[in-house]
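[1] give me a 3D structure for the following:
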Amino acid sequence: MYYNMLNKAIYLLTEYQIFEYPIDKDTIEQIILDSHLKLVTLNSLSSTVCINDVILTPKTQNKAYRENIVHEIGHAHCHCGNSLLKSKIIVDKQEQQAEAFAAYFLMPIYVFEEALKYCSNDYELAEEFGVTVKLVQFMNMAA
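    Numbers count the residues shown, from 1 in each chain. Below is the predicted model:
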C-alpha cells in the first residue's frame, strides 16, 4: 500500500467534500486551478504529461481522461524535478506512486470495498467509478 499517496488522496477528497462517483470533471479541473496548475489541451498529443506547473492533455477526452489528469496531479503534488534526468528506478517508483494516487482518489478504498459488494467484476467497477479496467486492477493489487 502506498500510504503517503493514500493520505494525499484522502486529504483532497475531504477538502473538496467529494462523495459521488465517478468524480465530476469540473471538480478535478477546480483542484487543478486551486493547486496553481494549468490544464492545456493540445491536438498533437497522444498522452497526458505534466511539465512544471502545466498539465498537457490530448484534445480527445477518452475513458481514461479522469485517471490521466489525476495521475498528473499526483506527480505535481508529490514529485519534483525532470524525469529525464532521473534513473529508471526512480521514474518507475514515481509512476507507481502517481498511479496509486489516482486510484485512491478516484476509487477511495472505503467506497471501493462497498462497490465490491454489488459489482461482480472489474468491468462493472470500472464503469461505477468512470475509470479503466487497468486502474481497477491496479487498485486490487494496491489495496
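
[2] contact partners of the lowest-mean-pLDDT helix or strand in the chain?
    Ranking every helix and strand in the chain by mean pLDDT, DSSP states H and E puts strand 49-51 at the bottom, with a mean of 87. Here strand 49-51 makes contact (C-beta atoms under 8 Å, 6 or more residues apart in numbering) with 37, 55, 56, 72, 75, 76. From N, CA and C alone the C-beta is placed, and that goes for glycine too.

[3] likewise for stretch 132-143?
    1-2, 63-64, 67, 99-100, 102-104, 106-107, 109, 112-113, 122-123, 125-126, 129.

[4] mind checking how far it is from the chain centre?
    How far stretch 132-143 lies from its chain's middle: 12 Å, per C-alpha atoms, centre = their mean, to the nearest Å.

[5] got the CA positions of it in PDB?
    Output in PDB follows, covering the C-alpha atoms of stretch 132-143 (Å, rounded to 0.1, in the frame of the first residue of the first chain):
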ATOM      1  CA  THR A 132     -10.400   2.000 -16.900                       C
ATOM      2  CA  VAL A 133     -10.300  -1.700 -16.000                       C
ATOM      3  CA  LYS A 134      -6.500  -1.300 -15.800                       C
ATOM      4  CA  LEU A 135      -6.800   1.200 -12.900                       C
ATOM      5  CA  VAL A 136      -9.300  -1.100 -11.100                       C
ATOM      6  CA  GLN A 137      -6.800  -4.000 -11.400                       C
ATOM      7  CA  PHE A 138      -4.100  -1.700 -10.000                       C
ATOM      8  CA  MET A 139      -6.400  -0.900  -7.100                       C
ATOM      9  CA  ASN A 140      -7.000  -4.500  -6.400                       C
ATOM     10  CA  MET A 141      -3.200  -5.000  -6.100                       C
ATOM     11  CA  ALA A 142      -2.500  -1.800  -4.200                       C
ATOM     12  CA  ALA A 143      -5.300  -2.000  -1.600                       C
END
